[in-house]
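Participant: just to be clear, the model below is a prediction. Sequence and coordinates:
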Amino acid sequence: MTDTPQFKGTHLFDRLCWAKENLDGVQSDYRVVYEDSVDECAKILVPDPNWMACALQGGILPPVEVYHELAKDEAQPNFTKHTRGYLLHETEPVSSMTEEEAIEYLIKKDCPQAVWKTYNEGNRLKMVICKKEQLPQTREWRNAWKIDQDLIAA
Amino acid sequence: MANGKIKADTLEHSTAGSLDTLYVVRGSTKAWSSLDGSGGSTTTQHGSLNISSVLDDGVGQYGFNFGSNMNGATYSSVGCGGDNANFNCVTNWTGVPDTYTSGRTGMGILNVSNSQYSDSDVCITVNGDLA
């Protein structure tokens, strides 16, 4: 297994370039299906193979809370550009994750917080993690796809 | 020279002049992705850089989450789709709230003939400054 260099203080983009050069991509079979609007179809999040390789390797990605801090900054009304980008590069990288832990990290990073923080509250389940084989195998009626609530209840 | 580093502010050619390396740092592509959004229900990715995940948002509509954020929502993302001339792209797409931020961009593929979103092969390139 390739050893990860000591990356704390290295720009995150440079780490990702190193990973692309040195690690084999890992295409996860997991998919995250979520609904963030009752008026829209379900969305499907597909993990990137290079990113997944970084998560499994460890020592490359920052803690997910760093992204939340940047999102808070960006939500300010007078935001123009990030002034705390150093959080991405100077925070101690997280250690290696299992594939399942990586999916949890990715949900917290890339799904809307309004979805994953309350995914099982209210009248409908708003998010599920599944294997790609559990999704429809064609894109027929794609804009009508919704999470099957009966299937979840079963 | 694994993990080596050359520090230079300027590259100088013997006859053609010099180039500030800042042009290289700021001008190079910061993220890209190529995927097949047309086959089956699960997006197949051909290759990428600085992408943490791809979103299948519906017919012809895709989101791209960055691993390393851009420094704001003022970057340029350019994409293309389809395997013939009958597709147009909408990039830096704001059709869905939170789609175009420092951590995410999106694009839609329109079929020119009927102005409907269409599933197709998708490529996107992002330029700008990183956080």
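Facilitator: Received the coordinates, thanks.

Participant: near chain A, anything from stretch B:72-83?
Facilitator: Yes - Stretch B:72-83 comes into contact with chain A (C-beta under 8 Å from any C-beta of the partner chain), by way of B:72-74. Heads up, the C-betas are built off the backbone N, CA and C, glycines and all.

Participant: filter those down to just the buried residues.
Facilitator: Among the residues of stretch B:72-83 next to chain A, those scoring as buried are B:72-73 (criterion: 16 or more other C-beta atoms under 10 Å in any protein chain shown).

Participant: just the residues of stretch B:72-83 next to chain A now: which is nearest chain A?
Facilitator: residue B:72 (3.7 Å; C-beta to the nearest C-beta).

Participant: quick one: secondary structure of that closest one?
Facilitator: Three-state assignment for residue B:72 (DSSP: H, G, I helix; E, B strand; the rest coil): coil.

Participant: and the pLDDT at it?
Facilitator: With respect to pLDDT, residue B:72 has a value of 93.

Participant: how about the closest residue to residue B:20 other than its chain neighbours, what does it touch?
Facilitator: Of all residues not flanking residue B:20 in the chain, residue B:10 sits nearest, at 5.8 Å (C-beta to C-beta, 6 or more residues apart in numbering or on different chains). Taking C-beta atoms under 8 Å, 6 or more residues apart in numbering or on different chains, we find residue B:10 in contact with B:18-21.

Participant: what's the neighbour count on residue A:74?
Facilitator: Other residues near residue A:74 come to 19 when the count uses other C-beta atoms under 10 Å in any protein chain shown.

Participant: no, scratch that, I was asking about residue A:60
Facilitator: The burial count for residue A:60: 24, using other C-beta under 10 Å.

Participant: what do you get for residue B:14?
Facilitator: Neighbours around residue B:14, by other C-beta under 10 Å: 5.

Participant: and residue B:46, by the same measure?
Facilitator: 11.

Participant: equivalent analysis for the one 3 residues further on, please.
Facilitator: Look at residue B:49: counted by other C-beta under 10 Å, it has 21 neighbours.

Participant: name whatever forms a beta bridge with it.
Facilitator: residue B:32 (DSSP bridges).

Participant: can you name the residue of chain B nearest chain A?
Facilitator: Counting by C-beta to the nearest C-beta, chain B gets nearest chain A through residue B:131, at 3.1 Å.

Participant: so who does that residue touch?
Facilitator: Taking C-beta under 8 Å, 6+ apart as the test, what residue B:131 contacts is A:70, A:81-82, A:85, A:88, B:68-72, B:102.

Participant: center of chain A - which residue?
Facilitator: Chain A has residue A:106 as the residue nearest its centroid, 2.0 Å off, counting by C-alpha atoms, centre = their mean.

Participant: I'd guessed that one sits against residue A:54; true?
Facilitator: No - counting by C-beta atoms under 8 Å, residue A:106 sits too far from residue A:54 to count as a contact (11.2 Å).

Participant: I'd assumed the residue nearest to the centre of chain A was in a helix, is it?
Facilitator: Yes - when classified by three-state DSSP, residue A:106 is found to be part of a helix.

Participant: once you drop chain neighbours, what's closest to the residue of chain B closest to chain A?
Facilitator: residue A:85 (3.1 Å).

Participant: ok, now which ones touch that neighbour?
Facilitator: A:70, B:69, B:71, B:130-131.

Participant: appreciated, that's everything.
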